[in-house]
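Undergrad: Can you look at this prediction? I've put the sequence above it.
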Amino acid sequence: MATKQARREATAAWVMLTPSLIGVGIFLIVPLIFVIALSFMHWNLISDPTWIGLANYRRLAGSAKFWNSLTVTGLFTAIAIPTSIVCGLLIALGLNRKLPGSGLIQLIYVLPWVCAPLTLGVVWSWMLSPREGLVNAVLGTHFRFISDPSMALVTVAFVYVWQNVGYISLFFLAGLQNIPSSVLEAAKLDGAGPIRMVWSMILPLLRPTMFFVLVTQMIASFQVFDLVYGLTGGSPGYPKGSTDVIAANIYQNANATPPNMGPASAAAVILLIFIVSITLLQQRYFSSRMTYDMT
């Protein structure tokens, strides 16, 4: 009887999972296999694909532009991710005090995240314009936020943090509200101050949330493109390659004249391998350091 019941439950589970599995197969697995295959071919979207082996990877290995895009993406991630996580945690700590108006503040913080990044990029591009931009008009200056190579990437990172910090703070807020108040009260009775409380109690108990936020934000930062496209007026890499993130490099290879999907696919595969490697390293680091049972 137990075996029949288990079989019926397994059958019902597979039936309910089938639509999702079909979607994953069609929209994720098949395109992934197609891109990997294209990375070993030359294809200009007109003639038939031609097998060229590792030529696309050798071409990227010798491309200064490709290595620059990796460097720019790394710098962008190093600026944006720590800043957004620290700011998101501080906002969550403030919202967790449940002061009047906290619900409205949460709504305001999350609004930029639900907006299209391309639209936000275009709006911020106008706001940061040297002459008619709102920011320079308020400051009474003509500062070149985007057109200055030394400031362009920092500006892109700032807009990225502004867009995502509310989303991150909501996850940290949920994690904070899941910490039993008795644990924090016991720490206070032991004489823990605010800084000690955050460092020794709250942060260790927030490691599952930190792991999720860090992984998702790292993946998103490596794939950033539409925000850069909007901020640079449709010219990713402007000025002088300072905003040439790897996703923009893939886009430019795919839309070159004539188009060549081989190098673009090879760069996408390299990006995939890099993201998976970083995610596995993060998983390995956090796996033995996370606490789920806080009762």
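TA: Structure received.

Undergrad: if you skip the residues just before and after it, what's nearest to Ser150?
TA: Residue nearest to Ser150 in three dimensions, not counting chain neighbours: Ser242, with 7.7 Å by Cβ to Cβ, 6 or more residues apart in numbering. All C-beta spots, glycine's among them, are computed from the backbone N, C-alpha and C.

Undergrad: buried ones in the longest helix seen in the chain?
TA: For the chain, the helix reaching the highest residue count under DSSP state H is reported as helix 64-95. For helix 64-95, a neighbour-count test (16 or more other Cβ atoms under 10 Å) marks 66, 68-70, 72-73, 76-77, 79-81, 84-85, 87-89, 91-93, 95 as buried.

Undergrad: Equivalent analysis for stretch 277-285, please.
TA: Residues of stretch 277-285 classed as buried by neighbour count (16+ other Cβ under 10 Å): Ile278.

Undergrad: With stretch 140-148 instead?
TA: Using 16+ other Cβ under 10 Å, the residues of stretch 140-148 that count as buried are Arg144, Phe145, Ile146, Ser147.

Undergrad: Over to stretch 108-116?
TA: Judged by neighbour count using 16+ other Cβ under 10 Å, the buried positions of stretch 108-116 are Tyr109, Val110, Pro112, Trp113.

Undergrad: Can you list the low-confidence ranges for this structure?
TA: Low-confidence segments of the chain (pLDDT under 70): 1-2, 289-295.

Undergrad: The residue nearest the centre of it: what's it in contact with?
TA: Within the chain, the residue whose C-alpha comes closest to the C-alpha centroid is Ala220; the distance, by Cα atoms, centre = their mean, is 1.7 Å. Applying Cβ atoms under 8 Å, 6 or more residues apart in numbering to Ala220 gives the contacts Asn164.

Undergrad: just so I have it, where are all the helices in the stretch 1-150 of the chain?
TA: Across the stretch 1-150 of the chain, reading from the start of the chain, the helices by DSSP state H, counting those that start in this stretch fall at 2-24, 30-38, 55-61, 64-95, 102-114, 117-127, 134-139, 149-177.

Undergrad: between these, which gets nearest to Ile270?
TA: Taking Cβ to Cβ as the measure, the helices of the stretch 1-150 of the chain were each checked against Ile270, and helix 55-61 came out nearest at 7.0 Å.

Undergrad: Now find how far off-centre the closest one is within its chain.
TA: If you compare the mean C-alpha spot of helix 55-61 with that of the full chain, they lie 26 Å apart, counting by Cα atoms, centre = their mean, to the nearest Å.

Undergrad: Give me the helices and strands touching that helix, please.
TA: strand 41-42, helix 261-287 (3 or more Cβ pairs under 8 Å, 6 or more residues apart in numbering; DSSP states H and E).

Undergrad: Next, format these as CSV and append distance to Ser125.
TA: Shown next, in CSV, are the helices and strands packed on helix 55-61 (distance: least, Cβ to Cβ, whole Å):
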stretch, distance to Ser125
strand 41-42, 36
helix 261-287, 25
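
Undergrad: for these, which one sits closest to Gly175?
TA: Checking these against Gly175 by Cβ to Cβ gives helix 261-287 as the closest, at 13.6 Å.

Undergrad: and the angle for the closest one with helix 30-38?
TA: 120 degrees (axes from the mean of the first three to the mean of the last three Cα atoms, to 10 degrees).

Undergrad: which secondary structure elements does helix 261-287 contact?
TA: The helices and strands touching helix 261-287, judged by 3+ Cβ pairs under 8 Å, 6+ apart, are helix 30-38, strand 41-42, helix 55-61, helix 207-222, helix 246-254.

Undergrad: Between helix 64-95 and that helix, find me the angle.
TA: 40 degrees.

Undergrad: Just give me how far helix 261-287 sits from the chain centre.
TA: With Cα atoms, centre = their mean as the basis, helix 261-287 stands 13 Å off its chain's centre.

Undergrad: Likewise for stretch 260-271?
TA: 20 Å.

Undergrad: which residues are contacting it?
TA: Counting contacts by Cβ under 8 Å, 6+ apart, the residues outside stretch 260-271 that touch it are 35-36, 38-45, 52, 55-57, 59-60, 66, 222-223, 246-247, 249-251, 253-254.
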